[in-house]
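Colleague: Output the structure for:
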Amino acid sequence: MDIKSFSPPFETNCEKCNQAISITTHFQCAVFVCSGCRESYRFRNNSLINNNSRIDTKDHQEYIPLGAVGKIRKRLYKMIGFAVKKEKGTPYRWREYLLFNPYYGYAFLAEYDGHWTFLEQLIVHPKEVVIKNDFAFDRKWFRFFSDYKSVLVYAQGEFCYDVFKGSESEIRELISPPYILSYERSNEEQMWLYGEHIDEDDIKDAFAIKEDPPEQVGIGICQPMKGSLNYTTLMRLTGIFIGVLVVLQFVMTNLARNEKVLSESFSIRTDSLGNMLPLVSESFEITKAPANLELEFYSSVDNSWMEFSTDAINETTSEHYGFTTAVEYYHGYDGGESWSEGGPAASSVLSHLPKGKYHLNIWPTRGDMRADTFSVSAKTDFPMYSNMFAVAGVILLFPLITYLRRRGFEERRWSNSYYSPYEEE
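Modeller: Here you go, the predicted model:
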């Protein structure tokens, strides 16, 4: 379909200012407002009848020129009417553009604070009677956003309804971004409109307008958050990744040998000054690389502590891997109740060790001279869940950041509504 598909308009002149008038919709036109002098007419039997009503003479510049033709949603539309409306009792104003296609009929473009919405009238209305309730429609969940009365401020061009008789309307809006349901009722009629947010650059390109569109302010009523996956899809993908991670961990756990490579007991040795001497363990071998190594120290401390500064020495390369492990155990009575803290055993884990022969150099220190023995055991190639939890944390980080961004975005959107769900939290 191209511009030739539009029937030739009815042409005449304004009886007041003699400006040329072009009516695209012929008998479907109910009211025409002259853009030159703002005089309004009713269109009957191919003639203009003065409506004895004049619109505000203050100029309100439209972004889409009257008569411009553009393609929206793969349909060619002609802009035939422009109106400015406001919320009664407030300074908030928006602009409405009436569009016409010979095959698909009428549609609307609404622009407020630089945010655009494309709307079409619904033939089949939602079944809900209580408009202020949230409800599902077209497989989407709509939340009640606002209700107010709109007042006509300015109009020019042709309209398929009497903009003066219905100059004050009750409007109720429900949103499921980027979609919107709008219920409008006046003394003359009531209708449902189903709309979707449309990018301002798409409007500019559709009607080949050189000027930049009105600057955006804040968040639009049904503006989607850019650069974000659908949250349901994102959570589904996150669940899949976590499931794969759990399966991999299960496989690795079953393949792990959980091999014990050292079990040795030691007695504390001191020099002539009473200083504890370092101790050396037996050699043990790590046959798989890279490998993890868990070392568990046990000491029968009682209301005391023992600390082990340890080096795992690779006997081939002389590389050493140092760590410190502390064993502490305290207990007693307080207020007739027993308490305890710590325990006689503690462990440390080394990861990514190369294979080879190792031994331990251990420098013990103690808080109680009675603790004079300890034991150490070591195992390698055992399942480690910390890696799984670390990866899971990274996977969950993205939906968490997305959720926080989305929540902040929605809180800004709903700050313009008296029915914000976030103010209740």
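Colleague: what about the strands in the stretch 201-350 of the chain?
Modeller: Here the stretch 201-350 of the chain has its strands, by DSSP state E, counting those that start in this stretch, at 259-267, 279-280, 284-286, 291-298, 304-314, 320-334, 337-343, 345-353.
Colleague: so how far is Ile171 from the nearest residue to Val151 once chain neighbours are set aside?
Modeller: What sits nearest to Val151 in space, not counting adjacent residues and going by C-beta to C-beta, 6 or more residues apart in numbering, is Lys88, at 5.0 Å. Just so you know, the C-beta spots here come from the backbone N, C-alpha and C atoms, and that holds for glycine as well. Distance of Lys88 to Ile171, computed by C-beta to C-beta, to the nearest Å: 10 Å.
Colleague: Now the common contact residues for the two.
Modeller: 148-150 (C-beta atoms under 8 Å, 6 or more residues apart in numbering).
Colleague: ok, Tyr41 to Asn50 distance?
Modeller: Tyr41 sits 6 Å away from Asn50, going by C-beta to C-beta.
Colleague: quick revisit: which one of Lys88 and Ile171 has more residues nearby?
Modeller: Counted by other C-beta atoms under 10 Å, Lys88 and Ile171 do not tie: Ile171 has more neighbours, with 17 against 13.
Colleague: how's the protein carved up into domains?
Modeller: The record's domain parsing of the chain by automatic domain parsing lists 3-206, 257-382.
Colleague: Of those, which shows the lowest average pLDDT?
Modeller: When the domains of the chain are compared by mean pLDDT, domain 3-206 comes last with a mean of 86.
Colleague: just the helices in the stretch 101-250 of the chain please.
Modeller: In the stretch 101-250 of the chain, the segments counted as helices under DSSP state H, counting those that start in this stretch are 200-206, 231-255.
Colleague: On the pLDDT front, check the residue lying closest to Thr253 once chain neighbours are set aside for me.
Modeller: Excluding the flanking residues, the one nearest Thr253 by C-beta to C-beta, 6+ apart is Pro383, at 4.0 Å. What the model reports for Pro383 is a pLDDT of 81.
Colleague: What distance do you get for the residue nearest to Tyr422 when sequence neighbours are not counted to Asp147?
Modeller: Of all residues not flanking Tyr422 in the chain, Glu411 sits nearest, at 5.0 Å (C-beta to C-beta, 6+ apart). Separation of Glu411 from Asp147 (C-beta to C-beta): 21 Å.
Colleague: Asp368 now?
Modeller: Relative to Asp147, and taking C-beta to C-beta, Asp368 is found at 76 Å.
Colleague: Of these two, which one has the most company?
Modeller: Each of Asp368 and Asp147 has its neighbours counted (other C-beta under 10 Å); Asp147 has more, 16 against 13.
Colleague: Quick check: beta-bridge partners of the more buried one?
Modeller: Note on Asp147: beta-bridge partners Arg172, judged by DSSP bridges.
Colleague: Give the closest residue to Lys357 in space, chain neighbours not counted.
Modeller: Leaving aside its sequence neighbours, Lys357 sits nearest to Glu315 (C-beta to C-beta, 6+ apart; 4.4 Å).
Colleague: okay but the one you found is in contact with Leu360, surely?
Modeller: No: here Glu315 does not reach Leu360: they are 11.3 Å apart, not a contact under C-beta atoms under 8 Å.
Colleague: between those two, who's got more neighbours?
Modeller: For the pair Glu315 and Leu360, the greater number of neighbours falls to Leu360 (22 against 12), based on other C-beta under 10 Å.
Colleague: pretty sure the more buried one contacts Ser348?
Modeller: No: under the criterion of C-beta under 8 Å, Leu360 is not in contact with Ser348, lying 11.2 Å apart.
Colleague: which residues do those two both contact?
Modeller: Shared contacts of Leu360 and Ser348 (C-beta under 8 Å, 6+ apart): 295, 310.
Colleague: re earlier: any figure for the gap between the residue nearest to Tyr422 and Glu62?
Modeller: Counting by C-beta to C-beta, the gap from Glu411 to Glu62 is 33 Å.
Colleague: Looking at those two, which has the bigger crowd around it?
Modeller: The residue with more neighbours, out of Glu411 and Glu62, is Glu62; 20 against 15, by other C-beta under 10 Å.
Colleague: any idea which helix or strand carries that one?
Modeller: Assigned by DSSP states H and E, Glu62 falls within no helix or strand.
Colleague: Same question for the one 3 residues further on.
Modeller: With elements delineated by DSSP H and E, Pro65 resides in a region that no helix or strand encompasses.
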